[in-house]
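# Prediction below, plus the sequence it came from.
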Amino acid sequence: MLNQLVNPSSTSEFTSAPVAKLQVKQISKTYPTRGKQRLTVLNNVSFQIFPREFVCLVGASGCGKSTLLNIIAGLTPPSTGEVCVDAVAVTGRPGSDRGMVFQGYTLYPWLTVEQNVAFGLQFQKMPKAEQQDRVRYFLDVVGLTQFAKAYPKQLSGGMKQRVAIARALANEPAVLLMDEPFGALDAQTKEQMQEFLLELWEKTHVTVLMITHDIEEAIYLSQRVYVMGAHPGHIRQEISIPLPEHRELDIKLTTEFVEIKRQIIHSLHQQSAST
């Protein structure tokens, strides 16, 4: 399994895949309010992500991005609709099929870096030696081998998020779900983490769904962007990102990048004008 993650087949092999890695089918979410009316947060949301794709969801605050991601993760049940990973319906919390990385680092402060990465592996029937090998491998992947014995309080914000990503990847999920993972970082560290995440994706080609309100971040990282509208939350537009798979930060200054950004901003502004 580890070799499959590190040495993926070429990207051309998944473009014609008959079954998506992640399918979100007609998801709606409502909550009761006072009286007989119900608050609709999400309405008939459908999209799909293919194996080894990196896809971002963007939208204004309050459009239901985090609610949708929590439904996909199995943390919140939908009112109607279905989420499938490898054509199997999601019925519970994140597990071996779905890894989750939050904006808050969610590390256990009383555990060392290596213990945090190993945490999920302890619930699997895996030999101790294999657990240790896997932890060492993923700490090397995220560049934190020398901090294996450190505690979270001794790390910077970016390093903490690397630990959280290593912990999620150590379980070798089918899909990695990320909820604005760099939202709490300063601008310089944020760009460094974007570079790191893109390099990591190039190495592993794990399937990623990431939500963000940062348009440039979404364009820089992903192959496709879904723009969400609000009141209630829905998929407003799907935008392909025709940029090279390998990207440097300077690509944000190119005409192609700026044009894609203009297209997404226009889509978001159309939503604002119609509400």
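Right, received. Where do you want to start?
# and the end-to-end length of stretch 176-184?
By Cα to Cα, to the nearest Å, the extent of stretch 176-184 from end to end equals 19 Å.
# Touching it from outside, list them.
With contact meaning Cβ atoms under 8 Å, 6 or more residues apart in numbering, stretch 176-184 is reached by 66, 69, 72-73, 94, 98-104, 157, 161, 164-165, 168-169, 189-190, 193-194, 197, 206-214, 217. C-betas here are computed from N, CA, C, even on glycine.
# make it 6 Å
The contact list for stretch 176-184 (Cβ atoms under 6 Å, 6 or more residues apart in numbering) reads 66, 69, 73, 98-103, 161, 168, 190, 193, 206, 208-212.
# Just the buried ones among those, please.
Buried members of the contacts of stretch 176-184, scored by 16 or more other Cβ atoms under 10 Å, are 66, 69, 73, 98-103, 161, 168, 190, 193, 206, 208-212.
# taking those one by one, which sit in helices?
Ser66, Leu69, Ala73, Gln161, Ala168, Lys190, Met193 (DSSP state H).
# confidence score at the nearest residue to Val58 once chain neighbours are set aside?
Nearest non-adjacent residue to Val58, counting by Cβ to Cβ, 6 or more residues apart in numbering: Ala218, 4.9 Å away. We note a pLDDT of 97 for Ala218 in this prediction.
# Could you do Tyr108 as well?
pLDDT, Tyr108: 93.
# Contacts only, for it.
Neighbour list for Tyr108: Asn116 [criterion: Cβ under 6 Å, 6+ apart].
# May I have the phi/psi pair for it?
Backbone torsions of Tyr108, given as degrees, to the nearest 10, read phi -90, psi 110.
# How much space separates it from Gly74?
Tyr108 sits 21 Å away from Gly74, going by Cβ to Cβ, to the nearest Å.
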